[in-house]
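Novice: I would like to see how this sequence folds:
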Amino acid sequence: MKLNKAALILACLLTTTAYAEPYPRLDPNSLINGSPDNPPITVNIAALQNALQNLGDHAGDYPPRFDSDADRAQAIKDLAPLAILLEDMTKNSAASGKKDNEAHLASLQMSARLYWIGHNLDQPGYAEKAHNAYIQLLKLAPKNRKAEVEDELGRFLASVGKGDEAVQHLRNAYKSGYTDSGFPLGMTLLIQGQKEEAIRILQDYAQKNPNDPRPQQVLEAVNSGQFEIRRE
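Specialist: Numbers count the residues shown, from 1 in each chain. All right, here's what the predicted structure looks like:
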């Protein structure tokens, strides 16, 4: 799976990027409730979700935004204990033999998001792990949640430069009535050079989401020619 990162740069929308808030260092001990001397040992789900949120705030998109190189290095260091914990959770939640249980689906989704963040932080192998986790999640998700998973998978694939596959999943989600997919689908089609369809979908999305300024800004940039595609 050959990967690259792709970004659509809209010249008219470029603004000076402010530094992010300082990254809060993860205490791995906070992820666990209890100890061998004080059983039972359980996962602190709230702390786990908070750690993922902190990472996502800084590296959920590419390029990551950190206040300092030290914060970035700390975030990369924090990936390992979270990955180990989520791998254990995924294995344990599948041990019941019923892999479509809610705990297993949640573990897969959190794992996929963590691996996506790891890829944004340029960590080798994390993109493949994210892709595998999303594919498993899509296979196991109940029918009423597949569109949401396809949307997230499509966004991930778009972020790693797999535009054709991204369009496939985002289009599936959009046609299933998951309207949030309209914006990333339109943007991915635009990056792929499918301008007419991209404009049509972005216009439709803008009409259905009048409080979201992004599609109109993109359409104005496209119509005025103030955009460029950059692949890194």
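
Novice: low pLDDT regions in this protein?
Specialist: When residues are selected by pLDDT under 70, those of the chain lie in 1-20, 228-232.

Novice: in contact with residue 28, which residues?
Specialist: Counting by C-beta atoms under 8 Å, 6 or more residues apart in numbering, residue 28 touches residue 81. Every C-beta, even on glycine, is put in place using the N, C-alpha and C of the backbone.

Novice: please point out which parts of stretch 94-108 sit buried.
Specialist: Within stretch 94-108, the residues that count as buried by 16 or more other C-beta atoms under 10 Å are 94, 104, 105, 106, 107, 108.

Novice: quick one: which two of these are the most distant?
Specialist: Of all pairs drawn from these, the widest gap by C-beta to C-beta lies between 94 and 106 and measures 12.0 Å.

Novice: number of residues surrounding residue 138?
Specialist: Residue 138: 18 surrounding residues under other C-beta atoms under 10 Å.

Novice: wait, residue 151 touches residue 179, no?
Specialist: No. Look at residue 151 against residue 179 with C-beta atoms under 8 Å: they stay out of range, at 9.9 Å.

Novice: so for the two, which sits in the more crowded spot?
Specialist: Comparing residue 151 with residue 179 by other C-beta under 10 Å, the one with more neighbours is residue 151, at 23 against 15.

Novice: distance check, the more buried one against residue 30.
Specialist: 31 Å (C-beta to C-beta, to the nearest Å).

Novice: for stretch 176-185, measure first residue to last.
Specialist: Using C-alpha to C-alpha, to the nearest Å, the end-to-end distance of stretch 176-185 comes out at 13 Å.

Novice: what does it contact?
Specialist: With contacts defined as C-beta under 8 Å, 6+ apart, stretch 176-185 is touched by 146-148, 150-151, 154-155, 158, 166-167, 170-171, 173-174, 201-202, 204-205, 208-209, 212, 214-215.

Novice: now it: buried residues?
Specialist: By 16+ other C-beta under 10 Å, the buried positions in stretch 176-185 come out as 176, 178, 180, 181, 182, 183, 184, 185.

Novice: list the buried ones in stretch 113-123?
Specialist: Within stretch 113-123, the residues that count as buried by 16+ other C-beta under 10 Å are 113, 114, 115, 116, 117, 118, 119, 120, 121, 123.

Novice: return the residues in contact with the second one.
Specialist: To tie it back to what came earlier, the one meant is residue 114. Applying C-beta under 8 Å, 6+ apart, the residues near residue 114 are 52, 55, 79, 82, 83, 86.

Novice: hey, which helix is longest across the chain?
Specialist: The helix that spans the most residues within the chain, counting by DSSP state H, is helix 69-94.

Novice: after that helix, next one along is what?
Specialist: Where DSSP states H and E defines the elements, the next helix or strand beyond helix 69-94 is helix 102-120.

Novice: check which element follows that next one along the chain.
Specialist: Counting by DSSP H and E, the element after helix 102-120 in chain order, helix or strand, is helix 126-140.

Novice: now find how far off-centre that following helix is within its chain.
Specialist: Its chain's C-alpha centre and that of helix 126-140 lie 12 Å apart, by C-alpha atoms, centre = their mean, to the nearest Å.

Novice: which elements pack onto that helix?
Specialist: When contacts are defined as 3 or more C-beta pairs under 8 Å, 6 or more residues apart in numbering; DSSP states H and E, helix 126-140 sits against helix 102-120, helix 146-159.
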